[in-house]
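Participant: Need coordinates for the following:
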Amino acid sequence: MSASRTRGLIGATTVVVVLGLTAACGNEDSSGVGAQPTGTPTTPGAPPTLPTANPSGTPSMDCPETIAAVRASVDKAVWGKGAAKSLFQPVGVTICQYDAQATGQAYATVITKRTAKQSTELFALVNSAKPAAAKPQFCTDELGPTYVLRFTDNERGVLSYTVESFGCRRLVATSFEGQGKPGDLASPRHATPELLKSLGLR
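Facilitator: This next block holds a predicted model:
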C-alpha cells in the first residue's frame, strides 16, 4: 500500500472518531435543563399540613348551644323528678335542629320559627307526653336529628326542651331563662310519635 493512501485512511479514521465523541457529548448542556428539580421545596423533617375540619352549623342568638352542651344537659336530667305538666304559656317557638351525626362543637344546622298558634299546639304535644319514672335502660341503635325547642312567652321567658328522635327518644326540659313563672321544670319523658311527626319526621 502506498504511503499517500495510508495517510488518507488515518485521516478519515481520525475524523470519524472525533465526530463520534462530539455526538456523544453534544447533548450534555441541554439535558442539564431537564434535570432541574420541578417540585416545591420542602423543609427537611417538617410534618405535612393537614386539612382542618370545620364543625357543622354556626352559633346564633336563636340557637347558641353546641351539640355537646345540649347532650350534657339531657344526660344530667333527674328522671322521675319534676312537674307532670309545664304551666308555661308560649307565644312563639324557635326549633334548633342538629344533624344526626353532629358531635362536639357542632351547632344547629336548621333553625325554624313558628307562629303563636303553632307554638301553642307544639307545646301541647310536649306536655301530653307522660313522665317516665326511671331513666331508660334499653334504647334502639339508630341515628336521627336532635331538636332543641326554645319556647318564649310574653315576659321574654325562654323554656327549652331537648327532643331526641332516635335511640331512647328522650324529651327533657333542660332550662328556663327570664322572669316568667313556669313552676318546676317538667319531668323527663319520651317523645311521642305525634311530637316527632310535628317536628317533620314521618
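Participant: in stretch 75-85, what counts as buried?
Facilitator: 77, 79, 82 (16 or more other C-beta atoms under 10 Å). Where C-beta positions appear, they are placed from N, C-alpha and C, glycine not excepted.
Participant: Also stretch 108-121?
Facilitator: Using 16+ other C-beta under 10 Å as the test for burial, stretch 108-121 gives 108, 111, 114, 119-120.
Participant: Can you flag which of the residues you listed belong to strands?
Facilitator: Mapping these onto strands (DSSP state E) picks out 111, 114.
Participant: with the buried residues of stretch 108-121 in mind, which one is nearest to Gln179?
Facilitator: Within the buried residues of stretch 108-121, the smallest distance to Gln179 is 18.9 Å, found for Ser119 (C-beta to C-beta).
Participant: Touching, the closest one and Phe151? I think so.
Facilitator: Yes: assessed by C-beta atoms under 8 Å, Ser119 is found in contact with Phe151 at 6.3 Å.
Participant: tell me, what's touching those two both at once?
Facilitator: 90, 92-93 (C-beta atoms under 8 Å, 6 or more residues apart in numbering).
Participant: give me the number of residues near Phe176?
Facilitator: By other C-beta atoms under 10 Å, 18 other residues sit near Phe176.
Participant: go on, Gly92?
Facilitator: Using other C-beta under 10 Å, Gly92 has 17 neighbouring residues.
Participant: show me what contacts it?
Facilitator: If you count contacts by C-beta under 8 Å, 6+ apart, then Gly92 has 113-116, 119, 151-152 around it.
Participant: Save those as JSON lines, and put in pLDDT and distance to Gln101 too.
Facilitator: Formatted as JSON lines, those follow (pLDDT from 0 to 100; distance: C-beta to C-beta, whole Å):
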{"residue": "Lys113", "pLDDT": "96", "distance to Gln101": "25"}
{"residue": "Arg114", "pLDDT": "96", "distance to Gln101": "26"}
{"residue": "Thr115", "pLDDT": "94", "distance to Gln101": "31"}
{"residue": "Ala116", "pLDDT": "96", "distance to Gln101": "34"}
{"residue": "Ser119", "pLDDT": "97", "distance to Gln101": "28"}
{"residue": "Phe151", "pLDDT": "96", "distance to Gln101": "27"}
{"residue": "Thr152", "pLDDT": "95", "distance to Gln101": "29"}
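Participant: Among these, find me the one that's closest to Tyr161.
Facilitator: Phe151 (7.5 Å).
Participant: how close does the closest one sit to Lys85?
Facilitator: 14 Å (C-beta to C-beta, to the nearest Å).
Participant: returning to that earlier point: can you convert the buried residues of stretch 108-121 into TSV and add a column each for distance to Cys139?
Facilitator: As requested, the buried residues of stretch 108-121 are exported to TSV (distance: C-beta to C-beta, whole Å):
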residue	distance to Cys139
Ala108	23
Ile111	27
Arg114	28
Ser119	29
Thr120	30
